[in-house]
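Engineer: Sequence and computational prediction follow.
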Amino acid sequence: MNTRHLTSLLGIELPIIQAPMAGVSSPAMAAAVSNAGALGSIGVGATDAEGARAMIAAVRERTARPFNVNLFCHAPAAADAAIEAAWIDRLAPLFAEFGVDAPDVLSEIYRSFVADEAMLQMLLGERPAIVSFHFGLPSGPAIRALRDAGILLLASATNLAEARIAADAGVDAVVAQGWEAGGHRGVFDPDAPDDRLGTMALTRLLVDAIDLPIIAAGGIMDGAGIAAALNLGASAAQLGTAFIACDESLADAGYRAALASDAALHTQMVRAVSGRPARILANRFAALDGEVSAGEIPAYPIAYDLGKALHAAAKSRGEYGFGAQWAGQGAPMARALPAGDLIAALAAEMAAARNS
């Protein structure tokens, strides 16, 4: 599958996709990216159907071009009162450090798309051009309904087995998420062994074995990286960390400052923030993760309920070290530009690299 095939399929000019990183991507960013000829994205996994509808409308107010709507397809959380109580107790001294009490109980703050009929019906009504899945896939009937509505489907995979499942389910393209990628690791089963395949190796494996367009994701920050991915056989590249410092980013001042610090040189894959593995900048949450085992952390997104509360308490006292500061291994290369200008720079760099 060549680059021209995928860009034509998605209705874009450039083989560049902006990743829908929670806490970073916004409707304004997605629209700016799409207006610049690439594919903008919004993530709606942290909201309900009406919230997602409002986000889609906000993008459409700014662009008539295609954009991607990303959904979380994790298994609904299995609550465990004992683990949750122990986790609250463990983090209680940190809350006390900022003068507040830890919550008494935790809840499943995000509803998975696999169990959200209202979200499915909203998408079928709104018909965004592209929908993508992370953490797995929805049901077969949901995929068929989206396809019948004329929506193109993307799914992330971290290994060949996941990619084959996605291809067999009927998606139109697979995002090869390498170990380098920032944000949540897209593994279908967070408790299964992870081969931690890098973007380069994973992209080549999937290009060789899967008869679908493959989108390389993880550690790609400039046009030379995009060109390298295309040379490996990818049909496009997806970038997330590259957009954190953009004007339209939702990243707060502490997140931006951390990105510009030495913390960007030491990203870590942690579970303590949300309950699922995710790569973040080196911060106090990353340090905490090194002190606990996966079995001590509540299920996703129940753990995230406490993580968000701790970040809010700390931020109110000027401490940003407990934020969900998602970032990939290429973080030091992030540039502070308007998103449209970043796309123009990436396109120019990509062309220069491919012509050299």
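Structural biologist: That came through fine.

Engineer: And the strands in the stretch 101-250 of the chain?
Structural biologist: 130-134, 152-157, 173-177, 183-184, 214-217, 236-239 (DSSP state E, counting those that start in this stretch).

Engineer: Return the list of helices and strands in contact with the third one.
Structural biologist: In terms of contact count using 3 or more C-beta pairs under 8 Å, 6 or more residues apart in numbering; DSSP states H and E, strand 173-177 is assigned the packing partners strand 152-157, helix 160-169, helix 199-209, strand 214-217. The C-beta positions use only the backbone N, C-alpha and C, and glycine is treated the same way.

Engineer: One more: the fifth one?
Structural biologist: If contacts are counted by 3+ C-beta pairs under 8 Å, 6+ apart, strand 214-217 sits against strand 173-177, helix 199-209, strand 236-239.

Engineer: Could you dump these into a markdown table and include distance to D89 and mean neighbour count?
Structural biologist: A markdown table is the format used below for the helices and strands packed on strand 214-217 (distance: least, C-beta to C-beta, whole Å; neighbours: other C-beta atoms under 10 Å):
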| stretch | distance to D89 | mean neighbour count |
| --- | --- | --- |
| strand 173-177 | 34 | 28 |
| helix 199-209 | 39 | 20 |
| strand 236-239 | 39 | 30 |
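
Engineer: Make JSON lines out of these and add distance to P301.
Structural biologist: Listed next are the helices and strands packed on strand 214-217 as JSON lines, based on distance: least, C-beta to C-beta, whole Å:
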{"stretch": "strand 173-177", "distance to P301": "19"}
{"stretch": "helix 199-209", "distance to P301": "26"}
{"stretch": "strand 236-239", "distance to P301": "23"}
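
Engineer: okay, the ones you listed in CSV with mean pLDDT next?
Structural biologist: Formatted as CSV, the helices and strands packed on strand 214-217 follow (pLDDT from 0 to 100):
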stretch, mean pLDDT
strand 173-177, 98
helix 199-209, 98
strand 236-239, 98
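
Engineer: if we can go back for a sec, for the helices and strands packed on strand 173-177, give me JSON lines that also has distance to A78.
Structural biologist: Below are the helices and strands packed on strand 173-177 laid out as JSON lines (distance: least, C-beta to C-beta, whole Å):
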{"stretch": "strand 152-157", "distance to A78": "23"}
{"stretch": "helix 160-169", "distance to A78": "21"}
{"stretch": "helix 199-209", "distance to A78": "29"}
{"stretch": "strand 214-217", "distance to A78": "29"}
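
Engineer: do you know which of those lies nearest G290?
Structural biologist: Among the helices and strands packed on strand 173-177, helix 199-209 comes nearest to G290, with 24.6 Å by C-beta to C-beta.

Engineer: contacting residues for the closest residue to A163 other than its chain neighbours?
Structural biologist: Closest residue to A163 apart from its sequence neighbours, by C-beta to C-beta, 6 or more residues apart in numbering: A157 at 3.9 Å. A157 is in contact with 163, 165-166, 174-177, 186, 206, counting by C-beta atoms under 8 Å, 6 or more residues apart in numbering.

Engineer: let's see it at 10 Å
Structural biologist: 133, 136-137, 163-167, 171, 174-177, 186-188, 197, 202, 205-206, 210, 214, 217 (C-beta atoms under 10 Å, 6 or more residues apart in numbering).

Engineer: Name the residues linked to it by a beta bridge.
Structural biologist: Per DSSP bridges, the residues bridged to A157 are A176.

Engineer: distance of it from I210?
Structural biologist: Plainly put, A157 is 9 Å away from I210 if you go by C-beta to C-beta, to the nearest Å.

Engineer: Which neighbours do the two have in common?
Structural biologist: Common neighbours of A157 and I210 (C-beta under 10 Å, 6+ apart) are 163-164, 166-167, 174, 176.

Engineer: Would you mind putting those into JSON lines with distance to Q329 alongside?
Structural biologist: Output for the shared contacts of A157 and I210, formatted as JSON lines (distance: C-beta to C-beta, whole Å):
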{"residue": "A163", "distance to Q329": "21"}
{"residue": "R164", "distance to Q329": "26"}
{"residue": "A166", "distance to Q329": "24"}
{"residue": "A167", "distance to Q329": "27"}
{"residue": "V174", "distance to Q329": "21"}
{"residue": "A176", "distance to Q329": "15"}
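
Engineer: Among the residues you listed, find me the one that's closest to P93.
Structural biologist: Nearest to P93 among the shared contacts of A157 and I210, with distances taken as C-beta to C-beta, is A176, at 40.9 Å.

Engineer: quick one: that closest one from A287, how far?
Structural biologist: Taking C-beta to C-beta, one finds A176 at 30 Å from A287.

Engineer: rewinding a little: Serialize the strands of the stretch 101-250 of the chain to a markdown table and add fields for distance to Y110.
Structural biologist: Shown next, in a markdown table, are those (distance: least, C-beta to C-beta, whole Å):
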| stretch | distance to Y110 |
| --- | --- |
| strand 130-134 | 12 |
| strand 152-157 | 17 |
| strand 173-177 | 19 |
| strand 183-184 | 11 |
| strand 214-217 | 21 |
| strand 236-239 | 22 |
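
Engineer: Determine which of these approaches Y255 most closely.
Structural biologist: It is, among the strands of the stretch 101-250 of the chain and with distance given as C-beta to C-beta, strand 183-184, at 12.6 Å.

Engineer: Give the partner strands of that closest one in its sheet and their orientations.
Structural biologist: Counting by DSSP bridges, the strands paired with strand 183-184 are strand 278-280 (antiparallel).

Engineer: Please spell out which residues along the very next helix or strand once past the strand it pairs with are buried.
Structural biologist: Sequence order places helix 284-289 as the next helix or strand after strand 278-280, per DSSP states H and E. By neighbour count on 16 or more other C-beta atoms under 10 Å, the buried set for helix 284-289 is 285-286, 288-289.

Engineer: Many thanks, we can stop here.
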